[in-house]
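> Got a sequence here, can you build the structure:
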Amino acid sequence: MRSRRDFLTTSLWMGAGLALGTSFSTLASNGQSDADALPPPEALRTRAIPGTDEQLPVIGAGTSGSFVANIGSDKYLRLKEAMTIFFASGAKVFDTSPNYGGADRILGALLEEGGWRDQCFLATKIAANSREAAQRQWVGSLEALRTDHVELLQVHNLRDWQTQLAYAHELKEEGKTRYVGITHYTPYGLDEMAHILRQEPLDFIQINYSISSPQAAREVLPLAQDKGVAVLINRAFDDGDLFSKVEDKPLPGWAGEVGAESWAQLFLKFAISHPATTTVIPATSKPTHQRDNLRAGYGPLLNEEQQRELIALEL
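Sure thing, here's the model as predicted:
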């Protein structure tokens, strides 16, 4: 994937900082550049988890691929910088899994090192084929994440979901997780997810939804909304493929009306413009991309005509 253009200029961030009266000397003393650290002047948009009304920021973060690193490496330090920007904005949702190549161990180390665990709405998954394997995996997940609980426990890609969803509910009753859910990452999981939504008590689902893969809006997203189930959106960038397809395309003329300064922001705004969406979780290890992603959580959302126009690009 070609690198994303960084549309956030130094003047934009400095202007936001001046609006807040931020001290440049304070930022410098923390080892951060003025442009990198300054937040926008308004609050990050939030959505309520149905049933509890707990508010979650609409921009979260994933860890698949991006959090494969060695502790203390240059990439690890970039991840820490990206997480500093993330939590300073008020964002809080981080999603991981025990089968993301050790990403959960890196996330756990960084949450502990940065003192962010109490700020973080931590979501992980069960990816096992039996109850016994899930029990062993759960112990390993808590160790990797350096915690004794998570906020959300999900059955990964509907794997052995009858067994694992029942186990997740048991852990919820024990206070080891506050919410339970199911996930998938392609349209092939939509029919089964709709079936489970109709039959089982769920707090969350996680599914892919993007301008190049909008199928979830046909049934699953409206059904989740009707059932009072929160929604995490993955693959809003179609694993990064969308960026190469728009590399030479100008933003739509109306992008400024919704406060979008990059294609990344438009892709994320598309995902959170569906009323069923609670939080979208793009993964990145780059501080510049983290800032760009977060900007999608401010300003107006897309109307239906604008959403249709993006889908019609057929990227």
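> Please spell out the segments of this protein that come in under the pLDDT threshold.
1-41 (pLDDT under 70).
> the helices in it, which residues?
In the chain, the helices defined using DSSP state H lie at 10-20, 24-29, 34-37, 74-88, 103-114, 131-145, 161-173, 190-199, 220-227, 241-245, 263-273, 287-295, 304-311.
> Can you point out the buried residues in the fifth one?
Of the residues in helix 103-114, those scored as buried under the neighbour-count criterion (16 or more other Cβ atoms under 10 Å) are 103, 104, 105, 106, 107, 108, 109, 110, 111. Every C-beta, even on glycine, is put in place using the N, C-alpha and C of the backbone.
> now do the fourth one
For helix 74-88, the neighbour count (16+ other Cβ under 10 Å) marks 75, 76, 78, 79, 80, 81, 82, 83, 84, 85, 86, 87 as buried.
> My guess is the last one contacts residue 118. True?
No - Residue 87 lies out of contact with residue 118 (Cβ atoms under 8 Å); the separation is 10.5 Å.
> re earlier: and the buried residues of helix 103-114, which is closest to residue 185?
Checking the buried residues of helix 103-114 against residue 185 by Cβ to Cβ gives residue 103 as the nearest, at 15.0 Å.
> Now do the same contact list for that closest one.
Residue 103 makes contact with 63, 64, 65, 66, 67, 68, 96, 97, according to Cβ atoms under 8 Å, 6 or more residues apart in numbering.
> Against residue 206, how distant is the second one?
Taking Cβ to Cβ, to the nearest Å as the measure, residue 64 and residue 206 are separated by 12 Å.
> and if you look at the fifth one?
With the distance defined as Cβ to Cβ, residue 67 ends up 17 Å from residue 206.
> that older thread, mark which of the contacts of residue 103 are buried, thanks.
Buried, going by 16+ other Cβ under 10 Å: 63, 64, 66, 67, 96, 97, out of the contacts of residue 103.
> Can I get the residues you listed in a markdown table including distance to residue 201?
Formatted as a markdown table, the buried ones among the contacts of residue 103 follow (distance: Cβ to Cβ, whole Å):
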| residue | distance to residue 201 |
| --- | --- |
| 63 | 27 |
| 64 | 27 |
| 66 | 32 |
| 67 | 31 |
| 96 | 24 |
| 97 | 22 |
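> Widest-spaced pair of those?
66 and 97 (12.6 Å).
> Please name the residues that touch the residue nearest to residue 178 when sequence neighbours are not counted.
Once flanking residues are discounted, residue 178 sits nearest to residue 151: 5.2 Å by Cβ to Cβ, 6 or more residues apart in numbering. By Cβ under 8 Å, 6+ apart, the residues touching residue 151 are 120, 121, 122, 123, 177, 178, 179.
> Can you give me the distance of residue 151 to residue 128?
20 Å.
> do the same with residue 122
19 Å.
> Same check on residue 278?
Relative to residue 128, and taking Cβ to Cβ, residue 278 is found at 26 Å.
> if you count what's nearby, which of the two comes out ahead?
Shown here are residue 278 and residue 128; by other Cβ atoms under 10 Å, residue 278 has more neighbours (26 against 22).
> Would you confirm that that one contacts residue 58?
Yes - between residue 278 and residue 58 there is a contact under Cβ under 8 Å: 7.4 Å.
> In terms of distance to residue 290, which of the buried ones among the contacts of residue 103 ranks first?
residue 66 (10.1 Å).
> Ramachandran angles for the closest one?
When read as degrees, to the nearest 10, the backbone of residue 66 gives phi -70, psi -20.
> Hmm, it is touching residue 287, no?
No - in this structure, residue 66 is not within contact of residue 287 by Cβ under 8 Å, at 12.0 Å.
> Could I get the contacting residues of the residue nearest the centre of the chain?
With distances taken as Cα atoms, centre = their mean, the chain has residue 281 as the residue nearest its mean C-alpha position (1.4 Å). Residue 281 is in contact with 60, 61, 62, 93, 94, 95, 206, 232, 233, 234, counting by Cβ under 8 Å, 6+ apart.
> Repeat that for residue 111.
Per Cβ under 8 Å, 6+ apart, neighbours of residue 111: 83, 94, 117, 120, 122, 145, 146, 147.
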